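A.B. asks: Build the 3D model from these lines:
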Amino acid sequence: MAQQRPDISQAAWEDAQLLWDYHQMHHEIRPCSVIIGLGSHDLGVATTSAQLYRQGFAPLVVFSGANSPTTSGRFPRGEAVHYREHAMMLGVPSSAILLEPRATNTAENLSLSREVLAAAEVPVSSVLLVSKPYEQRRSFATAMKIWPDVEIVCASEPMSLSEYANKIGTKTVVDMLVGTLQRLVEYPKRGFIISQEVPATAVSAYERLRACGFDSRVIPS
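C.D. replies: As a prediction, the model looks like this:
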């Protein structure tokens, strides 16, 4: 049973835990041609990318991301730039980092990073794709649509739903879990990502949470 929290009902928290588990791909981390850290508000992406590099899982890191309304204040010079600086503070040499500073969504993260790697003449057969924990599955589905000829291994900062909620706020996290689930259902129809099986239990959890007001990240369907 999911841990009880004072800022959300037990039933809603259990639904959130179900979505949290579904959104993660649970891939075994293995060596890849390159690490790609997807830009966002979460510096944990850069931290995890740096750790994976230092553990020898790839010889090169690409940080991708410009800004969004939620990151312009936190990363005024762009997500990729701040990620790079953070990774260098954690011991990643500048020579092992490539920047992609223009992407404003996940599809652009992948397509523009591929262009950067091609320009640098880096052969890529596999990508260790680092995202926020609740964005693993959608990032994977996007990568398979944009870059289907490479192997994608998903990773994110290892933490529980409770730890992540403590980090950025329960309402924010649950809203994002709901919004991401909706995108996994809607985006294949729009040609943005590949279609994946979404269990009925996940759809039901999404519907209950949305009905409870966890809907700030929902898009018009």
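A.B. asks: Once you drop chain neighbours, what's closest to the residue nearest to the spatial centre of the chain?
C.D. replies: The centroid of the chain falls nearest to residue 131 when counting by Cα atoms, centre = their mean (2.7 Å). Of all residues beyond its chain neighbours, the one nearest residue 131 is residue 139 (4.3 Å), with distances taken as Cβ to Cβ, 6 or more residues apart in numbering. The C-beta positions use only the backbone N, C-alpha and C, and glycine is treated the same way.
A.B. asks: and the one you found, what does it touch?
C.D. replies: Shown in contact with residue 139 (Cβ atoms under 8 Å, 6 or more residues apart in numbering): 38, 106, 129, 131, 154.
A.B. asks: doesn't it fall inside a strand?
C.D. replies: No - with DSSP: H, G, I helix; E, B strand; the rest coil as the criterion, residue 139 is located in helix rather than a strand.
A.B. asks: how far away is it from residue 200?
C.D. replies: Taking Cβ to Cβ, to the nearest Å as the measure, residue 139 falls 23 Å from residue 200.
A.B. asks: by contact count, what packs against the host helix or strand of residue 113?
C.D. replies: Assigned by DSSP states H and E, residue 113 belongs to helix 106-119. Secondary-structure packing of helix 106-119 (3 or more Cβ pairs under 8 Å, 6 or more residues apart in numbering; DSSP states H and E): strand 34-38, strand 61-64, strand 97-100, helix 136-146.
A.B. asks: outside of the next helix or strand after it, which residues touch it?
C.D. replies: Once helix 106-119 ends, the next helix or strand along the chain (criterion: DSSP H and E) is strand 126-130. Residues from elsewhere that reach strand 126-130 (Cβ under 8 Å, 6+ apart): 29, 31-38, 45, 48-49, 52, 57-58, 139-140, 143, 147, 150-156.
A.B. asks: Buried residues, strand 126-130. List them.
C.D. replies: 127, 128, 129, 130 (16 or more other Cβ atoms under 10 Å).
A.B. asks: Show me what it pairs with in its sheet, parallel or antiparallel.
C.D. replies: strand 34-38 (parallel), strand 151-155 (parallel) (DSSP bridges).
A.B. asks: rewinding a little: let me see the confidence value for the residue nearest to residue 131.
C.D. replies: Per-residue pLDDT puts residue 139 at 98.
A.B. asks: ditto for residue 86
C.D. replies: At residue 86, the pLDDT value in this model is 97.
A.B. asks: That one contacts residue 49, correct?
C.D. replies: No - look at residue 86 against residue 49 with Cβ atoms under 8 Å: they stay out of range, at 9.2 Å.
A.B. asks: who's more crowded, those two?
C.D. replies: When neighbours are counted by other Cβ atoms under 10 Å, residue 86 and residue 49 differ, and residue 49 comes out ahead with 31 against 20.
A.B. asks: okay, now residue 213: neighbour count?
C.D. replies: Number of residues near residue 213 (other Cβ under 10 Å) recorded here: 12.
A.B. asks: How is it assigned, secondary-structure-wise?
C.D. replies: Here residue 213 is recorded as coil under three-state DSSP.
A.B. asks: Great, nothing more from me.
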